[in-house]
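**Q** Okay, here's the prediction I keep looking at, along with the sequence it came from:
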Amino acid sequence: MMSRRRVLSPLPTGLIVICLLSGSAVAGNWPQWRGIGFDGVSEETGLPVEWSATKNVAWRLPLPGPAGATPVVWDDHIFLTSIDGQDLVLIAADRKGTQLWSKAVSTGNRNIRGDEGNFASPSPCTDGEHVWAMMGTGVLACYDFDGEEIWKTDLPERYGRIDIQFGFASTPVLDGGRLYLQIIQSGGSKVVALDKRTGHEIWKQSRPTDARDESEQSYASPIIYRDGGREMLLSHGGDYIVAHRLTDGAEIWRCGGLNPKGRYNNTLRFIASPVAAADLIVVPSAKNGPVLGLRPNGQGDITNVAATHWWTHPQNTPDVPSPLIQGGLVYLCRENGNLIVLDAKTGEEYYEHRTHSDRYRASPLYADGKIYLTSRDGTITVVKAGKEFEVLATNTMGENITASPVIANGTLYLRTFDALYAIRGAQ
């Protein structure tokens, strides 16, 4: 069922894409999880290397409850989701750290495995006029920047009960005039494209798999691959990464080998999402499994097609943090804090080093020659980018963090379980 208060004015899809990309590039916005390129890479410079809960903090905005959703930023607006009691809320703040409004998107929070997460795990996305928020209940809503609801839809009511052991955590991808979603679960999976203006379905495609038990389920998020004349939606879960046509969701290719049949793991659910650069897609798995470096030019089942594989890293996948590609290197932050650096085209390993020892749930961020690694206990290690390991700083917030860090408009934003921090250099 869908509720709708008003409809966004239509624009040609091509114009929307141009406006979205150029606006973000010029203004330094961070419109969705992992940024404008879906890759955790920022072009900004001059950011602080050292800070704490008080040092180099421009402001701290207390939050009503913990969550792992990453904030998104457009000009003077910051959006993030949270729990507030049993309500699942979307919060808007400005760049001065003042809360502008809070809207209850859904209700019925559920805490996951003690302190591992809750139903405010998917991250919002924005195009500079509207913001879309997904909750772990499967409710997806669109608001304008003043907090007025444009439309709201309940995915379980539209597509059937979501059967994922620890709740729906996948973040939608906003691209042009569409929102792309993956619902990879037990009992039948699908990918869906919705009209961002109305929430109406543009297309829906089933996503078959021979995965079994919990391995049918996925907490990963889809991404868009676009390189010259090629573009595709990449969905990740159920033992496969699958490439879909953007026009209608039809399958272009799929690749398995992430949960080998000879030693099959019935609980190999994917959490880390893939990441892409020109002519390269890096595919994580789970539970110390492999990482694949794929070419985007496949057709059909490419699991054993050597011409579509750059390399295979046989083990030590990041289980939760998504990979990062920058400067011809692939960075893998494992859930224990080990940082692995590979050559992007050959898969050669340059090093594996331990950073701060703790659980890691946030994905790494690159900016200005530095890699930011965020641990669960609120310690952020800043590592020099490159083939040689060098820690530049270790910064302690003293508050738990599972959200990925964000850089926008000269500010580093850190979302802890207690507050949203803006780090802007010497104060």
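**A** Right, received. Where do you want to start? Numbering: from 1, shown residues only.

**Q** CA atoms for contacts and neighbours, from now on please.
**A** OK.

**Q** what's near enough to touch residue 137?
**A** 106, 107, 108, 109, 119, 167, 168 (C-alpha atoms under 8 Å, 6 or more residues apart in numbering).

**Q** quick one: the third one and residue 88 touch, right?
**A** Yes: with contacts counted by C-alpha atoms under 8 Å, residue 108 reaches residue 88, the gap being 7.4 Å.

**Q** who's more crowded, the two?
**A** Neighbour count, other C-alpha atoms under 10 Å: between residue 108 and residue 88, residue 88 has more, with 29 against 12.

**Q** Okay, and the more buried one sits in which element?
**A** Assigned by DSSP states H and E, residue 88 belongs to strand 87-94.

**Q** Off-centre distance for that strand?
**A** Relative to its chain's centre, strand 87-94 lies at 18 Å (C-alpha atoms, centre = their mean, to the nearest Å).

**Q** Just the buried residues of that strand, please?
**A** 87, 88, 89, 90, 91, 92, 93 (16 or more other C-alpha atoms under 10 Å).

**Q** and that strand, what's its mean pLDDT?
**A** What strand 87-94 shows for mean pLDDT is 98.

**Q** now the contacts of residue 137 as CSV including pLDDT, distance to residue 346 and secondary structure?
**A** Listed next are the contacts of residue 137 as CSV, based on pLDDT from 0 to 100; distance: C-alpha to C-alpha, whole Å; DSSP: H, G, I helix; E, B strand; the rest coil:
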residue, pLDDT, distance to residue 346, secondary structure
106, 97, 46, strand
107, 96, 47, strand
108, 94, 47, coil
109, 91, 44, coil
119, 94, 39, coil
167, 89, 37, coil
168, 94, 35, coil
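
**Q** Return the member of those residues nearest to residue 127.
**A** Distance to residue 127, by C-alpha to C-alpha, is smallest for residue 106 among the contacts of residue 137, at 21.9 Å.

**Q** Verify the contact between residue 179 and residue 193 for me.
**A** Yes: with contacts counted by C-alpha under 8 Å, residue 179 reaches residue 193, the gap being 5.6 Å.

**Q** Residue 262 belongs to a strand, doesn't it?
**A** No: applying DSSP: H, G, I helix; E, B strand; the rest coil, one finds residue 262 to be helix, outside a strand.

**Q** any idea how far it is from residue 255?
**A** 17 Å (C-alpha to C-alpha, to the nearest Å).

**Q** likewise residue 276?
**A** 15 Å.

**Q** cool, and residue 364?
**A** In this view, residue 364 and residue 255 are 25 Å apart by C-alpha to C-alpha.

**Q** Thanks a lot, catch you later.
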